[in-house]
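In: Got a predicted structure here, sequence first:
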2 protein chains.
Amino acid sequence: MKYFPTPDEKIRLSEVNRAVEAAFSEHGLGNVQMPPKVYVTFPHGDFRTMPAYLPAQHIAGVKVVNVHPANPKRDLPTVMSLTIILDVDTGRPEAILNSTRLTDLRTGAGGAVAAKYLSPKKDVTLGLIGSGRQAAAQVEAIALELNVTGVRVWSRREEHSEAICKRFPGLDCKAVSIEKACDCDILVTTTPSRNPIVMNEWIHEGMHINAIGADAPGKEELDPAILRRALVFVDDPAQAVHSGEINVPVSRGLYSPGEIAGTLGEVVLGKKRRNSKDQITVFDSTGLGIQDLAIADIAMRDAESIDLPFP
Amino acid sequence: MKYFPTPDEKIRLSEVNRAVEAAFSEHGLGNVQMPPKVYVTFPHGDFRTMPAYLPAQHIAGVKVVNVHPANPKRDLPTVMSLTIILDVDTGRPEAILNSTRLTDLRTGAGGAVAAKYLSPKKDVTLGLIGSGRQAAAQVEAIALELNVTGVRVWSRREEHSEAICKRFPGLDCKAVSIEKACDCDILVTTTPSRNPIVMNEWIHEGMHINAIGADAPGKEELDPAILRRALVFVDDPAQAVHSGEINVPVSRGLYSPGEIAGTLGEVVLGKKRRNSKDQITVFDSTGLGIQDLAIADIAMRDAESIDLPFP
């Protein structure tokens, strides 16, 4: 059994995007096993368990990931993660990966795949609502699929917006107001908000939105009126209803699961798509265990590992 | 983060029994979080994911455990397991345990707790149906709670029955027919059977049965008529209906979940009990994530570990 402490170090993001795209395709074909993620809640956070099996890659395993919002005060990341990989044929644990950074990368790749298929334009301006690790991962991954001509960032603290712009010196990146950040081709929301912060009137026709931040019951970032105007695609319907961007509107009767336009897997397969360049599309991302397996599969190829005795 | 390759080496079984008993008590009080275990199935086996949180011990984590029946042909155990322990306050992964052997021990302890509370006698003969690791763990753990005056073992292969008897030279242990093994005070079934192999007519009044083997949909060891005659206690009702001894009878309409007499947690708390010494009692064990946390908590105290870099 191997332990991979830094499995992201040598990873190529273009390869990650393709692997995650292939995983969504398998999901769209119904060729995966992936029970909805399971939540356990603590007084000051929670953890989620995500078992999955991706037969096309002959890989299976479980990601365990926490969310503790007060961690930065203790100099710890809010989100940390381990992934266990099991041998499909024998069930033997083959590897354990530190998947904290891989989680950002695979979520970024999911957003990039959504943007690739759902954006009506190839030359795009990005608007970022939130400026943390997830926002940076989205920019990096999307920039591999589309020609990003500018980035406009809003964060509760302007210095955070400026910090993320410094990471992308090659892009025209500026800190702006939330309303101005929404005036873009592709909007990416990555905040932990529990109330809508992106208003319907700021959203124009032809936009695509990656709604990333809502990943637990009670979280939402978008004015529910946006969902009613848009075609909403999800990664997994059960997870989206339980904990994605649509979870609060569904629980309040403002949005019905029957209105979901389709899954990203169906979009990748060409079974579902935007119908006109003027439509608004939303990708409601909750994160799939098969994305974690797809990226682990790549990461283990080149990363350094420590041998551990097992059994 | 620490890795414990052999966390069972220095463990004291009497301590395990008490810790597991305390965990059942917390379960009976409703003081735990433990979503039902999640199954992922492979062509030649499966794996289960068991997240849990035991606030009384301030411990949380996830056990991952496979079942691959053909593994012995490859010189691998059928069942192997890892457990991840997370810090409750920060969600940081604190430890990873090789929990293959701990799984046997905690299941043994669960059976011992059930026998302690549900056996009407203190001096008992044990009957074993099945003679593998689980059977041995049951004998060891039960012998700490009750005075075992004899062990009668049936296994499909008589040399296996003789092998387990050699492990217990201090006990009067003999290989016998299945019918004779059932003529005992406490019967322990630990086979992977998918059809009843213990017949109703072999079971007499006043017996207690630990039904351990059935741990997945489709598995059963007891003639359903036994369940109708007995008071059936479960570790967790949802898991028992899904994958315990009662799963097949429930799915065929031969047993109703409403007939369950109670949980082992309620028994430990004294809320539920056998009503007379002539009743037959059954403990339907599926295995609880909180049992795994309780034993991990003890194991980590004394076992040797390897330091791993994280994050």
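Out: Good, I have the coordinates. Quick caveat, the model's predicted, so the values are computed rather than measured.
In: drop to CA atoms for contacts and neighbour counts, all remaining ones
Out: Fine.
In: Would you mind measuring from A:P51 to A:Q291?
Out: As judged by C-alpha to C-alpha, to the nearest Å, A:P51 and A:Q291 stand 11 Å apart.
In: Mind checking which of these two has more residues around it?
Out: Neighbour totals were compared for A:P51 and A:Q291, and A:P51 leads with 31 against 28 (other C-alpha atoms under 10 Å in any protein chain shown).
In: Is that one part of a helix or strand, or is it coil?
Out: With DSSP: H, G, I helix; E, B strand; the rest coil as the basis, A:P51 sits in strand.
In: Which stretches in the stretch 1-150 of chain A count as helices?
Out: A:13-28, A:100-118, A:133-142 (DSSP state H, counting those that start in this stretch).
In: Tell me how many other residues surround A:L144.
Out: 16.
In: I'd say it and A:R12 touch.
Out: No - under the criterion of C-alpha atoms under 8 Å, A:L144 makes no contact with A:R12, lying 10.9 Å away.
In: got the domain boundaries for chain A?
Out: A:2-102+A:290-307, A:107-288 (automatic domain parsing).
In: Let me see the contact set for the most far-flung residue of chain A relative to its centre.
Out: No residue in chain A sits farther from the centre than A:P311, which is 34.7 Å out by C-alpha atoms, centre = their mean. Residues in contact with A:P311 (C-alpha atoms under 8 Å, 6 or more residues apart in numbering or on different chains) are B:P5, B:M80, B:N98, B:T100.
In: And the first one, what's its pLDDT?
Out: Which is B:P5. Listed pLDDT for B:P5 reads 98.
In: count of residues packed around A:A230?
Out: 21.
In: Report how many residues lie close to the nearest residue to it once chain neighbours are set aside.
Out: Sequence neighbours aside, A:I280 is the residue nearest to A:A230 in space, at 4.7 Å (criterion: C-alpha to C-alpha, 6 or more residues apart in numbering or on different chains). Using other C-alpha under 10 Å, A:I280 has 24 other residues around it.
In: same question, A:R74
Out: So A:R74, with other C-alpha under 10 Å, has 9 neighbours.
In: Over to A:I295?
Out: 27.
In: Next up, identify which helix or strand it is on.
Out: For A:I295, the element it lies in under DSSP states H and E is helix A:289-302.
In: A:K166 belongs to a strand?
Out: No - counting by three-state DSSP, A:K166 falls outside a strand, being helix.
In: Can you list the low-confidence ranges for chain A?
Out: Scanning chain A for pLDDT under 70 picks out nothing.
In: centroid residue for it?
Out: Short answer for chain A (C-alpha atoms, centre = their mean): A:T107, at 3.0 Å.
In: surely it meets A:G287?
Out: Yes - A:T107 is within contact range of A:G287, at 6.5 Å (criterion: C-alpha under 8 Å).
In: Could you check how far A:E220 is from chain B?
Out: 23 Å (C-alpha to the nearest C-alpha, to the nearest Å).
In: In this structure that residue contacts A:S193, no?
Out: Yes - using C-alpha under 8 Å, A:E220 makes contact with A:S193 at a distance of 5.9 Å.
In: what two of the contacts of A:P311 are the furthest from one another?
Out: Greatest spatial distance among those (C-alpha to C-alpha): B:P5 and B:M80, at 12.4 Å.
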